[in-house]
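Enquirer: this one's structure only:
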Ligand code: XMP
């Protein structure tokens with residue numbers, strides 16, 4: 001990206017480093033995260049307009065703790081140090097960092113902070129606000145030539161700045177949402193201190209990613225398991241754009257999709273010259289699932305069959321060189337999180353590598369957050385219904401038909417779920433809920449329709465609002481919308497005579513019913 005301004009994020013092992021990169025991109029500036037060990041010569045070569053030092057778990061004086069070449073402070077390039085990065089600035093430039101004791105300046109969590117708004121970093125922002133702190137060490141002595149720019153009740157040295165050299169340090173994390181105006185502070189650093197022009201867009205990201213894929217793949221064959229979800233669809237579109245006919249997308253249609261979903265996915269990829277394989281495996285899946293009501297067994301059967309069908313299709317292509325996966329950044333964090341208890345064994349295509357013979361995995365979305373993935377999808381010309389698709393579990397409607405699954409029950413659920421989504425869209429509520437769907441319970445109850453008695457199924461509606469899907473709140477859907485959904489479903493969908501709305505949050509409930 002020789003023609004684009006670059007901001008370098010030097011990684012000292014902090015947990016929010018990709019979030020910093022994401023904020024910089026959000027501000028319209030191209031950004032790369034590099035290890036803190038990147039040699040000074042290399043940094044000079046890259047020619048960044050600004051450098052950000054991330055946080056990190058170590059203490060700056062601990063033996064072997066990550067460090068920088070002091071020469072970096074003489075490059076004349078503005079620097080923003082965050083948390084550990086701030087302490088590193090202090091250590092190098094004549095300040096002093098000490099371990100905070102319980103009753104002095106150790107801080108964790110949301111902290112009321114006062115800012116000096118004459119400092120460029122805080123220019124135009126309120127003088128008081130909440131910042132997110134997470135530090136055990138603090139700056140006892142500010143480095144020579146630096147002014148104090150923010151303080152909290154417990155810590156007088158929350159932020160420092162040397163405007164003449166364009167060096168700034170903050171003890172808090174401006175990149176996390178808990179810090180009020182955090183993105184504005186990063187914006188100020190980029191535009192006020194570094195002279196950013198804002199010359200970077202998702203279109204540029206697309207071009208970089210396409211070139212990188214072309215370079216890596218060469219004339220090799222590429223295989224991708226397309227689920228129809230946002231991530232695998234965007235990954236597929238990107239690779240399709242990059243290497244077209246060398247790509248085979250295998251879309252296992254297990255018959256557990258929502259209404260028209262399979263056709264929509266197929267239609268979205270018609271414009272690319274790729275080998276699109278739609279494996280129609282509905283009968284196979286339904287026969288394997290017949291009589292099974294235990295949720296974990298359903299998941300296991302679907303996971304195994306999925307791999308089997310995929311593998312059979314993959315074999316038909318012959319030798320594959322690369323397997324593409326739609327891993328996005330939050331998946332990377334979650335899989336690193338380790339030993340959380342398994343509540344449900346989530347099935348997705350993550351298990352494939354053991355079963356398919358290939359040389360290397362490509363994960364072109366690994367650095368992106370969900371909304372960036374959606375933006376990239378739009379950039380690639382994917383239709384809005386795919387780009388904005390809500391999360392959908394790998395086992396599909398099989399875990400939304402409670403108890404035994406039959407084709408009739410799936411069809412009933414498909415129609416009811418479609419009506420629910422349709423009414424939510426008509427009410428303009430899609431953006432205010434993270435995931436919403438219908439569940440066909442295996443409970444039947446008595447009703448009256450026309451003059452006759454009915455004995456039919458109860459359908460549950462579920463909608464949650466969440467940012468991470470680990471915890472979730474049930475959505476307060478307006479009663480009149482719920483009413484329209486209810487009236488339409490009992491009138492239009494045979495075998496449903498009662499609708500209930502699930503008002504449990506997660507925890508204690510999970511989002512899906514099974
Ligand atoms: P739960 O029900 O565990 O769901 O609160 C959290 C999120 O995960 C989705 N989910 C799945 N996704 N395979 C998937 O790929 C699965 O087996 C699976 N089960 C649940 C769920 O839809 C929600 O977004």
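Expert: That came through, no problem. As the structure is a computational prediction, the values presented were derived from the model and not from experiment.
Enquirer: In the protein, what helix or strand scores lowest on average pLDDT?
Expert: Lowest by mean pLDDT, DSSP states H and E among the helices and strands of the chain is helix 329-336, with a mean of 68.
Enquirer: Pairing partners for the helix or strand containing residue 250, with directions?
Expert: Using DSSP states H and E, residue 250 falls within strand 247-253. Strand 247-253 pairs in its sheet with strand 222-225 (parallel), strand 275-280 (parallel), by DSSP bridges.
Enquirer: For residue 132, find the nearest of those.
Expert: Proximity to residue 132, assessed across those by Cβ to Cβ, is greatest for strand 222-225 (37.8 Å). (Glycine included, C-beta is placed from N, CA and C.)
Enquirer: next SSE after the closest one?
Expert: Counting by DSSP H and E, what follows strand 222-225 is helix 230-243.
Enquirer: average pLDDT across that following helix?
Expert: Across helix 230-243, the average pLDDT comes to 97.
Enquirer: and it, what does it pack onto?
Expert: Applying 3 or more Cβ pairs under 8 Å, 6 or more residues apart in numbering; DSSP states H and E, one finds that helix 230-243 contacts helix 202-217, strand 222-225, strand 247-253, strand 322-324, helix 370-379, helix 384-387.
Enquirer: Name the residues that touch the helix or strand just after the strand holding residue 250?
Expert: Sequence-wise, the next helix or strand downstream of strand 247-253 (DSSP H and E) is helix 261-268. With Cβ atoms under 8 Å, 6 or more residues apart in numbering as the test, helix 261-268 has contacts from 226, 228, 233, 251, 253, 276, 278, 382, 383, 385, 386.
Enquirer: The first one: neighbour count?
Expert: Pointing back at residue 226 there. 25 (other Cβ atoms under 10 Å).
Enquirer: what's it sitting at in phi/psi?
Expert: phi -100, psi 120 (degrees, to the nearest 10).
Enquirer: re earlier: may I see the strands paired with strand 247-253 organised as a markdown table, with mean neighbour count, mean pLDDT and distance to the ligand added?
Expert: Converted to a markdown table, those look like this (neighbours: other Cβ atoms under 10 Å; pLDDT from 0 to 100; distance: least, Cβ to the nearest ligand atom, whole Å):
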| stretch | mean neighbour count | mean pLDDT | distance to the ligand |
| --- | --- | --- | --- |
| strand 222-225 | 25 | 96 | 12 |
| strand 275-280 | 16 | 97 | 18 |
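Enquirer: re the thing from before, which one of the contacts of helix 261-268 is nearest to the ligand?
Expert: Among the contacts of helix 261-268, residue 228 lies closest to the ligand (Cβ to the nearest ligand atom), at 11.6 Å.
Enquirer: Show me the helices in this protein, by range?
Expert: 17-26, 40-46, 84-92, 182-188, 202-217, 230-243, 261-268, 282-289, 295-317, 329-336, 370-379, 384-387, 407-426, 479-492 (DSSP state H).
Enquirer: Out of those helices, which gets nearest to the ligand?
Expert: Closest to the ligand of these, according to Cβ to the nearest ligand atom: helix 295-317, at 5.5 Å.
Enquirer: backbone phi and psi for the closest residue to the ligand within the stretch 51-200 of the chain, please?
Expert: Closest approach between the stretch 51-200 of the chain and the ligand, counting by Cβ to the nearest ligand atom: residue 177, at 20.0 Å. The phi/psi pair for residue 177 (degrees, to the nearest 10) reads phi -60, psi -30.
Enquirer: For it, give its distance to residue 22.
Expert: Distance of residue 177 to residue 22, computed by Cβ to Cβ, to the nearest Å: 11 Å.
Enquirer: Those two: which has the busier surroundings?
Expert: The residue with more neighbours, out of residue 177 and residue 22, is residue 22; 20 against 11, by other Cβ under 10 Å.
Enquirer: For the chain, give me the ranges with low pLDDT.
Expert: For the chain, the stretches with pLDDT under 70 are 1-2, 101-106, 333-356.
Enquirer: hmm, back to that, buried deepest among the helices and strands packed on helix 230-243, which one?
Expert: Compared across the helices and strands packed on helix 230-243, strand 222-225 shows the largest average neighbour count, a mean of 25 (mean count of other Cβ atoms under 10 Å).
Enquirer: Tell me which residues are up against that one.
Expert: Residues outside strand 222-225 that contact it (Cβ under 8 Å, 6+ apart) are 232, 235-236, 239, 243, 246-250, 252, 310, 314, 317, 320-325, 349, 352, 356, 358, 362.
Enquirer: got it, and stretch 498-512?
Expert: By Cβ under 8 Å, 6+ apart, stretch 498-512 touches 343-344, 393, 399-400, 435, 439, 445, 447, 456-462, 464, 466, 469-474, 477, 482, 485-486, 489-490, 513.
Enquirer: Between the two ends of that stretch, how far is it?
Expert: Stretch 498-512 has an end-to-end distance of 20 Å (criterion: Cα to Cα, to the nearest Å).
Enquirer: do that stretch and the ligand meet?
Expert: Yes - with Cβ under 6 Å from any ligand atom as the measure, stretch 498-512 is seen reaching the ligand through 506, 510, 511, 512.
Enquirer: Return the distance of that stretch from the chain's centre.
Expert: Offset of stretch 498-512 from its chain centre (Cα atoms, centre = their mean, to the nearest Å): 23 Å.
Enquirer: Just the buried positions in that stretch, please.
Expert: Neighbour-count burial for stretch 498-512, counted by 16 or more other Cβ atoms under 10 Å, picks out 498, 499, 502, 506, 511, 512.
Enquirer: The residue nearest to residue 417 when sequence neighbours are not counted - how many residues pack around it?
Expert: Computed as Cβ to Cβ, 6 or more residues apart in numbering, the closest residue to residue 417 that is not its neighbour in sequence is residue 438, at 4.1 Å. As a burial measure, residue 438 scores 27 neighbours (other Cβ under 10 Å).
Enquirer: and residue 438, what does it touch?
Expert: By Cβ under 8 Å, 6+ apart, the contact set of residue 438 is 400, 413, 416, 417, 420, 459, 460, 461, 462, 489.
Enquirer: State the distance from it to the ligand.
Expert: 13 Å (Cβ to the nearest ligand atom, to the nearest Å).
Enquirer: so what's that residue bridging to?
Expert: Here residue 438 sits in beta bridges with residue 461, going by DSSP bridges.
Enquirer: and it, how far is that from residue 473?
Expert: Residue 438 is 19 Å from residue 473, by Cβ to Cβ.
Enquirer: which residues touch the residue nearest to residue 233 when sequence neighbours are not counted?
Expert: In this structure, residue 233 finds its nearest non-sequential neighbour in residue 386, 5.2 Å apart by Cβ to Cβ, 6+ apart. By Cβ under 8 Å, 6+ apart, residue 386 lies in contact with 228, 230, 233, 264, 265, 268, 377.
Enquirer: Mind putting the residues you listed into TSV with distance to the ligand?
Expert: Listed next are the contacts of residue 386 as TSV, based on distance: Cβ to the nearest ligand atom, whole Å:
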residue	distance to the ligand
228	12
230	12
233	14
264	19
265	16
268	20
377	18
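Enquirer: Much appreciated, bye for now.
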